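Asker: sequence unavailable; structure follows:
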């Protein structure tokens, strides 16, 4: 396998695995604490409106639904996870997939919270870092924890691929 193919396949597998770990965390969080997860249909709605030139909503739930928004949102959710895995590999190199360590994926996972804080939440009407939500500090805390779980998922997916010798 060429280096470019290894990079793309690695990013896809590790990113999808990490995103799945984050989704499992969302299910556990809802079951244990009654905290609902993000409705990815709203993410899809926001993305469709972006293509129509509309960035901000107040809030996104008040904007009319669009066809296919749930599928678009879930597809984007996994594509974004894969993109962050690609960032991990771009910074720490393909050597990381052969000997994964926890530090680099946790850095990427925690840093990835900047995307919702600075782009998605303001665009969807929640303000910068959830400042317009009823409990901004709680929302921020849950976002940080979830992105930390995503970082751990990057590590877990990289470790599983290493143990299974997927990239050899």
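Answerer: Sure thing, it's come through. The model shown is predicted, which means the values in this text are computed figures rather than measured ones. Numbers count the residues shown, from 1 in each chain.

Asker: neighbours around the closest residue to residue 115 other than its chain neighbours, how many?
Answerer: Using CB to CB, 6 or more residues apart in numbering and skipping the chain neighbours, the partner closest in space to residue 115 is residue 80 (7.3 Å). Bear in mind the C-beta positions are built from the backbone N, C-alpha and C, glycine included. By other CB atoms under 10 Å, 18 other residues sit near residue 80.

Asker: tell me the pLDDT of residue 80.
Answerer: At residue 80, the model reports a pLDDT of 98.

Asker: quick one: the host helix or strand of it to chain centroid distance?
Answerer: Element membership for residue 80, per DSSP states H and E: helix 69-92. Distance of helix 69-92 from the chain centroid (CA atoms, centre = their mean, to the nearest Å) equals 6 Å.

Asker: flag every buried residue along it.
Answerer: By neighbour count on 16 or more other CB atoms under 10 Å, the buried set for helix 69-92 is 69-70, 72-74, 76-78, 80-82, 84-89, 92.

Asker: any chance you could map the helices in the protein?
Answerer: 3-33, 40-51, 69-92, 95-98, 103-111, 114-115, 121-123, 136-163 (DSSP state H).
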